[in-house]
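Below are the sequence and a predicted model; questions follow.
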Amino acid sequence: MAKYFLGSVGSAEAFRMVNGQPKMAFVAKTLTDSSISVTITKDELRGGTGAPVVTNFFHDPAVAITLTDILFKEGYVEAQLGTNFTASAEAYQSETIKATEAGKLVLSKTPVDLGVLKCSDGGTIIAWYSEEGKDDYKAVIISAVDAGTKTLSDSGIENGKTYCVRYLASDNNALEAIVKSDMIPHELALIITVPIFAGDACAASKGSKAGTLTFEVPRFQLDGGQEFTFNMSSNATMNLNGTAMVMTEGCDVNSGKLFRMIEVIEGRVVEDIMIDEATAKVGASKEDVVVYALYSDKKIAVVNNPELSGAAIGDDGILKAGELTAAALGKTASYTIE
């Protein structure tokens with residue numbers, strides 16, 4: 001049997017439902033970390049002389065997922081902080097302007113209210129400037145009239161000198177996202193795919209990529225925190241942390257799906273299927289019949305929902321003596337129940 005190992009980092013794809021329609025939340029292909037931690041609490045139930053362990057009680061299953069990307073993406077911020085980037089925003093302008101007359105600078109755009117100064121007793125349309133080469137910025141309130149003519153007026157401006165100016169203005173190319181105090185992180189459907197490598201001489205090429213292992217998380221709830229850390233000598237990474245929540249399926253309300261794993265090995269094919277004779281016997285239900293798939297790399301796996309037919313299946317679904325046929329994965333198998 002071939003041997004495989006997991007290595008390197010995976011890629012991630014996330015979707016969000018908006019008004020009943022799936023929307024791409026993000027695609028992450030530059031991750032430095034992609035981890036899935038499955039935990040469960042075990043309580044030992046003890047009883048009798050000497051208090052030995054009689055049985056174990058398992059509860060509180062949890063699946064913690066962490067993704068770390070070296071690149072910034074708006075989708076990460078939207079998902080973590082429960083917000084959306086929208087168009088027609090405002091942006092801070094940085095301009096270098098030479099004064100053509102004393103006391104005035106002509107701006108390239110129309111300045112607007114500075115939202116962070118809502119508590120100001122004066123005007124909230126301001127600009128701040130400093131003579132080029134210096135670092136002594138001065139804030140100036142701009143009147144509505146001057147804003148309309150894109151003018152910054154101040155007695156400290158000297159004709160012929162060059163100034164560095166900052167102010168807020170409308171910018172059709174900018175996006176904005178508002179983070180509110182009642183933010184709720186998005187719930188996503190998450191797909192993480194990691195490579196599988198061949199680890200022995202039974203594989204075609206030792207140590208080469210042999211396939212993929214995919215984790216499919218139908219309900220991924222982000223933790224909601226986002227740390228923006230900026231350093232002069234390194235890039236800021238984006239961290240996405242969250243947990244898998246249960247998805248209830250079918251009629252069993254006591255058990256639900258947290259995630260599904262899909263393994264694909266390149267070159268592996270189904271060679272045959274077989275009926276488990278121990279489960280195919282007179283009086284058993286056809287639902288209890290187990291069918292196995294036999295793969296070219298000697299892997300054996302249970303087949304989900306095989307198609308069963310034959311004289312051995314009674315009208316009530318109970319097995320009786322006769323021929324039983326199973327069909328699955330493009331193969332068929334037969335067994336005679338006696």
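Looks like it arrived, so ask away.

Can you say which helix or strand has the nearest residue in space to D223 that is not next to it in sequence in it?
Distance criterion C-beta to C-beta, 6 or more residues apart in numbering; nearest residue to D223, sequence neighbours excluded, is N241 at 4.7 Å. Quick note: C-beta positions are derived from backbone N, CA and C, even for glycine. Per DSSP states H and E: N241 is located in strand 238-244.

burial measure for the residue found closest to A284 once you drop the neighbours it is linked to in the chain, as a count.
The shortest distance from A284 to any non-neighbouring residue, by C-beta to C-beta, 6+ apart, is to L319 (5.0 Å). L319: 22 surrounding residues under other C-beta atoms under 10 Å.

remind me, longest helix of the chain?
In the chain, taking DSSP state H as the definition, the longest helix is helix 74-81.

where does the protein have low pLDDT?
Within the chain, the stretches with pLDDT under 70 are 1-2, 118-123, 200-207, 253.

Pairing partners for the strand holding N241, with directions?
Next to strand 238-244 in the sheet, as set by DSSP bridges, lie strand 53-69 (antiparallel), strand 209-222 (antiparallel).

re earlier: please report the distance of the residue nearest to D223 from D33.
From N241 over to D33 the distance is 11 Å, taken as C-beta to C-beta, to the nearest Å.

shared neighbours, the two?
Common neighbours of N241 and D33 are listed as 66-67 (criterion: C-beta atoms under 8 Å, 6 or more residues apart in numbering).

Looking at the two, which one has more neighbours?
Neighbours were counted for N241 and for D33 using other C-beta under 10 Å; N241 has more, 17 against 12.

Buried residues in stretch 315-328, which are they?
For stretch 315-328, a neighbour-count test (16 or more other C-beta atoms under 10 Å) marks 319, 324-328 as buried.

Which of those fall within helices?
Reading helices off the buried residues of stretch 315-328, I find no matches (DSSP H).

Distance-wise, check I300 relative to I273.
Computed with C-beta to C-beta, the distance linking I300 and I273 is 10 Å.

Pick out whichever of those two has more residues nearby.
I273 (19 against 10).

Sheet-wise, list the partners of the helix or strand that the more buried one is a member of with their directions.
Per DSSP H and E, I273 falls inside strand 270-275. Paired with strand 270-275 in the same sheet, following DSSP bridges, are strand 291-295 (antiparallel).

Map the structural domains onto the sequence of this protein.
4-40+58-82+181-264, 89-171, 268-337 (automatic domain parsing).

Let me have those domains in TSV, extended by distance to A51.
Below are the domains of the chain laid out as TSV (distance: least, C-beta to C-beta, whole Å):
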stretch	distance to A51
domain 4-40+58-82+181-264	20
domain 89-171	64
domain 268-337	38
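
if we compare the ones you listed, which one ends up closest to R46?
R46 lies closest to domain 4-40+58-82+181-264 among the domains of the chain, at 15.5 Å (C-beta to C-beta).
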